[in-house]
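K.L.:
Give me a model of this one.
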Amino acid sequence: MNLYVLALHIIFVVTWFAGLFYIVRLFIYHAEAEKKAEPEKSILQKQYKLMEKRLWYGITWPSLVGTYVFGGWVLYEVYGLNIPAWLLLKLAFVFGLTLYHVRCHAMFTQFQKDIVKHSSFKLRLWNEVATIFLVAIVFIVELKDTLNYIWAMLGLILFSTMIFLAIKIYRNRKKVEA
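P.N.:
Presented below is the predicted three-dimensional model:
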């Protein structure tokens, strides 16, 4: 296996996730700016749109493409057409992550047109979906064939539940402070 290709694949995966995490964070700030008075609202939203555009087209989309190009290269070099079950499961999660990316693109397009459809709370929940994909993919890759898939899915469900409960507790704490 070409270790340079594997290294490039890992680098693009990391930057893809960084872009996905940060774009939704920018969406949260953008949505929160909607509640500000003018001229603060316009100034903030103009800046967020610029930051979102640079991040999305300069880092996140190129990272998705790089992940697929170098990941496909590694896949072909190492496995050819003999793909093990654990890798098929990983690829299913990567496909889910890609759907998440596509949905983020739709949200990006709306924000660029000054259409704010989601509350900052809903966007905070949405931001954690990428975390769930990250945890699932890393565990699948690292545990490979030793992974008991039933326990892994139960663990992923428990982890997801804990994340969403933590967000709900945070939200309730913020309401009490206000």
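K.L.:
hey, let's count contacts and neighbours off CA atoms from now on
P.N.:
Fine.
K.L.:
what's in contact with stretch 118-126?
P.N.:
24-25, 27-29, 31-32, 164, 167, 171 (Cα atoms under 8 Å, 6 or more residues apart in numbering).
K.L.:
Give me the buried stretch members for the lengthiest helix in the chain, please.
P.N.:
Of all the segments of type helix in the chain, defined by DSSP state H, the longest one is helix 3-33. Across helix 3-33, burial judged by 16 or more other Cα atoms under 10 Å covers 5-6, 8-10, 12-33.
K.L.:
how much space is there between the most centrally placed residue in the chain and residue 138?
P.N.:
The residue lying closest to the centre of the chain (Cα atoms, centre = their mean) is residue 130, at 3.3 Å. Applying Cα to Cα, to the nearest Å, the value for residue 130 to residue 138 is 12 Å.
K.L.:
Repeat that for residue 63.
P.N.:
Separation of residue 63 from residue 138 (Cα to Cα) stands at 17 Å.
K.L.:
Could you do residue 169 as well?
P.N.:
Noted for residue 169: a distance of 27 Å to residue 138, by Cα to Cα.
K.L.:
and if you look at residue 111?
P.N.:
From residue 111 over to residue 138 (counting by Cα to Cα), the distance is 31 Å.
K.L.:
who's more crowded, these two?
P.N.:
Neighbour count, other Cα atoms under 10 Å: between residue 111 and residue 138, residue 111 has more, with 20 against 12.
K.L.:
Quick check: that one touching residue 49?
P.N.:
Yes. Under the criterion of Cα atoms under 8 Å, residue 111 is in contact with residue 49, at a separation of 7.1 Å.
K.L.:
anything in contact with each of these two?
P.N.:
Shared contacts of residue 111 and residue 49, counting by Cα under 8 Å, 6+ apart, come down to residue 30.
K.L.:
quick one: low-confidence parts of the chain?
P.N.:
The model of the chain has pLDDT under 70 over residues 145-147, 149, 174-178.
K.L.:
for it, what spans make up the helices?
P.N.:
For the chain, the helices defined by DSSP H occupy 3-33, 40-55, 61-79, 85-112, 120-143, 149-177.
K.L.:
tell me what the shortest one is packed against?
P.N.:
Using 3 or more Cα pairs under 8 Å, 6 or more residues apart in numbering; DSSP states H and E as the contact criterion, the neighbours of helix 40-55 among helices and strands are helix 3-33, helix 85-112.
K.L.:
nearest to residue 144, of those helices?
P.N.:
Closest approach to residue 144 among the helices and strands packed on helix 40-55 is made by helix 85-112 (5.6 Å; Cα to Cα).
K.L.:
Quick check: buried residues in the closest one?
P.N.:
For helix 85-112, the buried set under the neighbour-count rule, 16+ other Cα under 10 Å, comprises 86-87, 89-90, 93-94, 97, 100-101, 104-105, 107-108, 111-112.
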